[in-house]
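*Asks:* got a predicted structure here, sequence first:
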Amino acid sequence: MLVNSKRWVWVAVVLVGIGVLSWRMFPAGETVDFNTQVKPIFNKKCIACHGGVRRQSDFSLLFRVDALGKTKSGKPAIVPGDPDHSEMMRRITLHDPEDRMPYKQAPLTADEIETLRKWIKQGAKWGDHWAYLPVRPVEAPALKASFWGLGPAEGKDWVRNPIDYFIYDKLRGLGLSPSREADKATLLRRVSLDLTGLPPSAALVRQFMADSSAGAYERVVDTLLASPHYGERWAAVWLDLARYADTKGYERDEGRSIWRYRDWLIHSFNSDMRYDHFLTEQLAGDLLPNPTDDDYIATAFHRNTMTNDEGGTDNEEFRTAAVLDRVNTTWQALMGTTFACVQCHTHPYDPFVHDEYYQFMAFFNDTRDEDTYADYPLLRKFSGEDSLGVLQLTKWVLAKGGKERAMEVRRFVRTWEPAINSLTADRFVNAELADTKWLIFRNHGSARLQRVDLEGRDQLIYRYAGLVAGGTWTMHLDAVDGPVIGRVRADTTKGWTIAKVDLPLGKGVHDIFITYENPRLKKPEESGLQFDWFYFGRKLPAGDVAMERLYWRLINADVPTVPVMEDNPMDMHRETHVFEKGNWLVKGKVVEPATPHALNPWPAGAPKNRLGLARWLTSPENPLVARTMVNRLWEQLFGTGLVETLEDLGTQGAEPTHRELLDWLSWRLMHEDGWSVKSLLREMVLSATYRQDSKVSAEALARDPDDRYYSRAPRVRLSAEQVRDQALAVSGLLDEELGGPSVMPWQPKGIWLSPWNGQDWKKDSGRNQYRRAVYTYWKRTAPYPSMMSFDGTAREVCTARRIRTNTPLQALVLLNDSVYWEAAEHLAGRMRGAGSVERGIALGYETIMLKPIDAAKLKPLMVLYEKALEARQGSQRQPGGRRSGAEPAEDYSGEPGPEAAGSAKGLTRRPEGDALTVVASALLNLDEVVTKN
């Protein structure tokens, strides 16, 4: 034994000697990482003067080629491998504040200077920011074996899928352990709210609580993913990104019928449309071959931009503002990147240059919308016989005139496009743009339509309003007294009317001058004729009167409409210029559509339009789209993204806590899940990480106070929509109808102020007032107040992330808003059926939280009941005594039915019912009720 011991000692000595010798021969040199060590110094201390906005002394640190080039002095600021001859190192180490850099700022620290010195010595190697590198496969970290490899791997009994390997590996590195799994009730409520935005149904609760088999939780998840309410919950998230509203914004904030886009979202999420298709249809559904109504409706994503209907505004200014908003929203919503600043100058921190903003803008700048009052272009939504008529007409034109002509007729019937909006007219004499939106004429008036392509055109279809009979309008080529190509008598009409005039077969592109004469107009300021749009096209093939009648019936049909995207035809093409310093009035050079050079290349064979752009975005080589969506889904489940700044994955955004996990999930979304959002969510909620209890230990609180590393489940307040929907659901008031127009539930009077047209909030009656929050009418200048209290957004621009707040106003809303008080009354009605007050309160708590109440919680609620009962009985003894607040909905002698909601004014009240309502209101206001855990 002694010999063996000596042998092991000698072996140990030899091993130590070899280690020391290796260390001496091969010293461990620390490689400076550009992204994590150097770039932060540049961004914080240098780039304000030497970056995208400014290049003092011709020195920029935005790109390596600039940083290594010669400066204004003729010397390179950085000489790779030679810090002693690098001008930058000399300037940052000077003592004279007039010469030292940063200029007139605090000097760099000794550690920062040493980091830059080492970096230059090692070759001044640049590095691309992690978010701009393509997503590549990542191996999940292996669990480390215990007891020198002899015992079972640590965490083996905890992990449930690959997500947990990443989380566990990081936790062990911090000296933390994951929490145990949450109890069944908490887990069920959590996953139901996360996947559907609603508490689970009573049937699902009974099923899950009774099922003790190994796959019980997985079956619940699959049930929730298949629920139609899943689509409503995730559509609500997307509406913030799409800046969805039921009004146009700006001063007038007139109504806009665009709710069919919301229905499209709900259906798309419910059907688990592939995320790449989901984006493609929203960006370019109109450019797909033979687009369907749904393809068109999807493009309303970018028609949620605001339109300014105020008189006296410049339509081109606000058309341009809408296009810029589409650029910024595409980057913020789909790529998690701040791109808006590149409108004015090269990005100060990320690798995007000024011209690239306008190259990207060119994809959106050729669309037909022009800040019109009617929100053109519109999809005219045919149904029934008219829908069949469109098919019949298209088929007939196809046989008579060929495919191109058939598609032309089909497009015009469905969208009235491509028409020339009258607001583009100019050269006015005794004419003007009424309210800046419509071309109107007075006697002896004239105006011009610019560059009209008449090649092969022999008919004009136009929408107009005849204001005074006896007028005639005439079309002239190229001059106000040029050749006449058409003359039309214009009598009065009942509102807008669509008419036609045949033209001689045209050739070439011409200016069209319109003149108007009406001897009945006696006053100089009196208008006689008003135009909306002009469509220069071709006559239908001759020979079928029935088809001609069908054509005009469809054109004039009064059908629902949805604002959609459409591109200009080539003869109406709009050039895109760089705006000097971002000013739309100062146009620089012309640019063509292109994407930033720092990201993935343009897909081979893709057209240079929005459809090609969608292919570029959804390419597996695009570094941002998959990461952004994964990060957003994670944030919705865990309260904080793997990168906290959902709106900015760039160099100024937060560092990812689990970068490898983000890439693993992003790769999976694209390559293994086939862009299936449901599959990805399923993987997340089945993980042990998601299933953890939310209780926090003192050790975890000290080492990870913000739960950035997921040693426990986060405690996250429900969203504004979920707070409302939960109250309606647990009270039995919720109307679960899917889809349809927006509704107006109760809100206080005086919120809307629309003096120019007198519009006001008109409260819905019946079940509509109890629909899910996602269907609430959203006015940009006066959003639904109770949801704004819970951090809802006005939706004037894209909102990538709601910043949660915790304010006393939120508690006041839950205690006093009529919606929540009525929900409390109906919940109290359910509680009354339990037989006793104590059992009733316990039933109310369990209805919400899915588990029995403990004595410590029950006691103060009983005290509250007694005090409320005493107060109510006292008020009844007072002459004319009555509680303040909303009118009662039920006397609660039993559980109310749906027909009782809001219709029981004046019913006999019982003090016991009122007191129980106070308790129910308190239940809805509990911290554990308005949070997920």
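*Replies:* All right, it came through fine.
*Asks:* report pLDDT for the residue nearest the centre of the chain.
*Replies:* Nearest to the geometric centre of the chain sits residue 241, at 1.0 Å (CA atoms, centre = their mean). As summarised for this prediction, residue 241 has a pLDDT of 98.
*Asks:* ok, now which ones touch residue 240?
*Replies:* 793, 795, 798-800, 802 (CB atoms under 8 Å, 6 or more residues apart in numbering). Heads up, the C-betas are built off the backbone N, CA and C, glycines and all.
*Asks:* gap between it and residue 323?
*Replies:* Note on residue 240: its distance to residue 323, by CB to CB, to the nearest Å, is 21 Å.
*Asks:* cool, and residue 128?
*Replies:* The separation that residue 128 has from residue 323, given CB to CB, amounts to 29 Å.
*Asks:* residue 768 too?
*Replies:* According to CB to CB, residue 768 and residue 323 sit 36 Å apart.
*Asks:* between the two, which one's more packed in?
*Replies:* The residue with more neighbours, out of residue 768 and residue 323, is residue 323; 23 against 17, by other CB atoms under 10 Å.
*Asks:* what sits against the more buried one?
*Replies:* 361, 364-365, 367.
*Asks:* helix/strand/coil for it?
*Replies:* Under DSSP: H, G, I helix; E, B strand; the rest coil, the three-state class of residue 323 is helix.
*Asks:* so it versus residue 362, what's the distance?
*Replies:* According to CB to CB, residue 323 and residue 362 sit 10 Å apart.
*Asks:* check residue 132 too.
*Replies:* For residue 132, the distance to residue 362 equals 22 Å [CB to CB].
*Asks:* same check, this time on residue 838
*Replies:* In terms of CB to CB, residue 838 sits 69 Å off from residue 362.
*Asks:* compare these two and say which one has the larger neighbour count.
*Replies:* Set side by side, residue 838 and residue 362 show more neighbours around residue 362, with 23 against 14, by other CB under 10 Å.
*Asks:* show me the contacts for the more buried one.
*Replies:* Contacts for residue 362 (CB under 8 Å, 6+ apart) come out as 576, 591-594.
*Asks:* what's the pLDDT at it?
*Replies:* Residue-level pLDDT assigned to residue 362 equals 98.
*Asks:* for residue 533, same thing?
*Replies:* 98.
*Asks:* the helix or strand it falls within: partners in the sheet, and parallel or antiparallel?
*Replies:* Using DSSP states H and E, residue 533 falls within strand 527-537. Sheet pairing here is set by DSSP bridges, and for strand 527-537 it gives strand 420-421 (antiparallel), strand 438-453 (antiparallel), strand 459-466 (antiparallel).
*Asks:* of all those, which one comes closest to residue 931?
*Replies:* strand 420-421 (50.5 Å; CB to CB).
*Asks:* which other residues reach that closest one?
*Replies:* So strand 420-421 is contacted by 370, 372, 376, 449, 452, 532-536, 572 (CB under 8 Å, 6+ apart).
*Asks:* want to try CSV for these, with distance to residue 67 and neighbour count as columns?
*Replies:* Below are the contacts of strand 420-421 laid out as CSV (distance: CB to CB, whole Å; neighbours: other CB atoms under 10 Å):
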residue, distance to residue 67, neighbour count
370, 44, 18
372, 48, 23
376, 49, 22
449, 52, 21
452, 52, 21
532, 56, 23
533, 53, 23
534, 55, 22
535, 55, 19
536, 55, 22
572, 45, 16
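*Asks:* just these now: which is nearest residue 301?
*Replies:* Residue 301 has its nearest neighbour among the contacts of strand 420-421 in residue 376, at 17.2 Å by CB to CB.
*Asks:* ok so, going back, winner for burial among the strands paired with strand 527-537?
*Replies:* strand 420-421 (a mean of 22; mean count of other CB atoms under 10 Å).
*Asks:* summarise which helices and strands the following helix or strand past it is packed against.
*Replies:* Using DSSP H and E, the helix or strand that follows strand 420-421 towards the C-terminus is strand 426-434. With contacts defined as 3 or more CB pairs under 8 Å, 6 or more residues apart in numbering; DSSP states H and E, the secondary structure elements packing on strand 426-434 are strand 438-453, strand 509-517.
*Asks:* what are the buried residues along stretch 576-588?
*Replies:* Neighbour-count burial for stretch 576-588, counted by 16 or more other CB atoms under 10 Å, picks out 576-579, 582, 584.
*Asks:* can you pull the contacts of the residue nearest to the centre of the chain?
*Replies:* 329, 332-333, 798-800.
*Asks:* quick one: find the helix or strand in the chain with the lowest mean pLDDT.
*Replies:* helix 2-25 (a mean of 45; mean pLDDT, DSSP states H and E).
*Asks:* quick one: residues in contact with the next helix or strand after it.
*Replies:* Going down the chain from helix 2-25, the next helix or strand is helix 39-41, by DSSP H and E. Helix 39-41 has contacts (CB under 8 Å, 6+ apart) with 108, 112, 115-116, 127, 129, 651.
*Asks:* of these - the most surrounded one?
*Replies:* Result: residue 116 is most packed of the contacts of helix 39-41 (other CB under 10 Å), 25 neighbours.
*Asks:* and the end-to-end length of stretch 661-681?
*Replies:* The separation between the terminal residues of stretch 661-681, taken as CA to CA, to the nearest Å, is 14 Å.
*Asks:* in it, which residues are buried?
*Replies:* The neighbour-count check on stretch 661-681 (16+ other CB under 10 Å) flags 661-670, 673, 675-681 as buried.
*Asks:* so which of those residues belong to helices?
*Replies:* 661-667, 677-681 (DSSP state H).
*Asks:* residue 519: which of those residues is nearest?
*Replies:* Looking across those and measuring by CB to CB, the closest to residue 519 is residue 677, at 66.1 Å.
*Asks:* isn't the closest one right up against residue 270?
*Replies:* No - using CB atoms under 8 Å as the test, residue 677 is too far from residue 270 to be in contact (10.9 Å).
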